[in-house]
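Asks: Sequence plus predicted model, see below.
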Amino acid sequence: ILNVEQSPQSLHVQEGDSTNFTCSFPSSNFYALHWYRWETAKSPEALFVMTLNGDEKKKGRISATLNTKEGYSYLYIKGSQPEDSATYLCAPISNFGNEKLTFGTGTRLTIIP
Amino acid sequence: DGGITQSPKYLFRKEGQNVTLSCEQNLNHDAMYWYRQDPGQGLRLIYYSQIVNDFQKGDIAEGYSVSREKKESFPLTVTSAQKNPTAFYLCASSNRRGLTFFGQGTRLTVV
């Protein structure tokens, strides 16, 4: 089992504030990291696929960084809006050739209007 | 439209009965997965398949079975051996190490 940890488990943020949370994963045999957003009553939706150390990806107000040497990725949300309320999941993929997609427990983000 | 379809959305099962959850994709993806979510927990991998006629156990395979006779289809059977089957089940598919797409989920309740 890939040991994936996400922190914090839950987070309440005032509308308009910025926030960030972490995904930690084993740095050995790293191939890629996926971030997903999962809104209540919907399917998880892919946000980013990150592969290179130092990579930074951006989608609107959401961005993510990747450190493969130390085994972590940060997800940042700038100027939080109510529609950002969701559970954010990360899933690292190893280089073993076994594409077993294992998710962290997620960070449940609630934006307070 | 391309996508991944799970059915049914809600399912009720009597104790001791087997039940099969359907998952179909028309994305031409090689890999398909089944996950389970319980309240307050993340997604746990039940079974996955990287190619037709082949599948592997995930982290919580006991009490479940799958088949992969066609690329498009990856049905999951929840057997009577599964001690606590009430949960939300998600099916997913992906191309090789690429983005993963999820179905809408099936909520199974044992009555």
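Replies: Done, it's in.
Asks: Could you list the residues of chain A in contact with chain B?
Replies: Neighbours of chain B within chain A, by Cβ under 8 Å from any Cβ of the partner chain: A:1, A:31-32, A:34, A:36, A:42-46, A:49, A:89, A:91, A:93, A:98-106. Backbone N, C-alpha and C define where each C-beta goes, glycine included.
Asks: Any of these buried? List them.
Replies: By neighbour count, with 16 or more other Cβ atoms under 10 Å in any protein chain shown, those hold A:32, A:34, A:36, A:43-44, A:46, A:49, A:89, A:91, A:93, A:99-106 as buried.
Asks: Now do stretch A:62-78, average pLDDT.
Replies: Computed over stretch A:62-78, the mean pLDDT rounds to 97.
Asks: Quick check: end-to-end length of stretch A:18-34?
Replies: 21 Å (Cα to Cα, to the nearest Å).
Asks: in it, what counts as buried?
Replies: Residues A:19, A:21, A:23-25, A:30, A:32-34 are the ones in stretch A:18-34 that count as buried (16+ other Cβ under 10 Å).
Asks: In contact with B:Phe74, which residues?
Replies: B:23, B:25, B:32, B:34, B:49, B:55, B:66-68, B:91, B:93 (Cβ atoms under 8 Å, 6 or more residues apart in numbering or on different chains).
Asks: again, 6 Å this time
Replies: Listed by Cβ atoms under 6 Å, 6 or more residues apart in numbering or on different chains, the contact set of B:Phe74 reads B:23, B:32, B:49, B:68.
Asks: possible to save those residues as JSON lines with secondary structure, neighbour count and pLDDT?
Replies: Below are the contacts of B:Phe74 laid out as JSON lines (DSSP: H, G, I helix; E, B strand; the rest coil; neighbours: other Cβ atoms under 10 Å in any protein chain shown; pLDDT from 0 to 100):
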{"residue": "B:Cys23", "secondary structure": "strand", "neighbour count": "24", "pLDDT": "97"}
{"residue": "B:Met32", "secondary structure": "strand", "neighbour count": "29", "pLDDT": "94"}
{"residue": "B:Ser49", "secondary structure": "strand", "neighbour count": "20", "pLDDT": "94"}
{"residue": "B:Arg68", "secondary structure": "coil", "neighbour count": "19", "pLDDT": "97"}
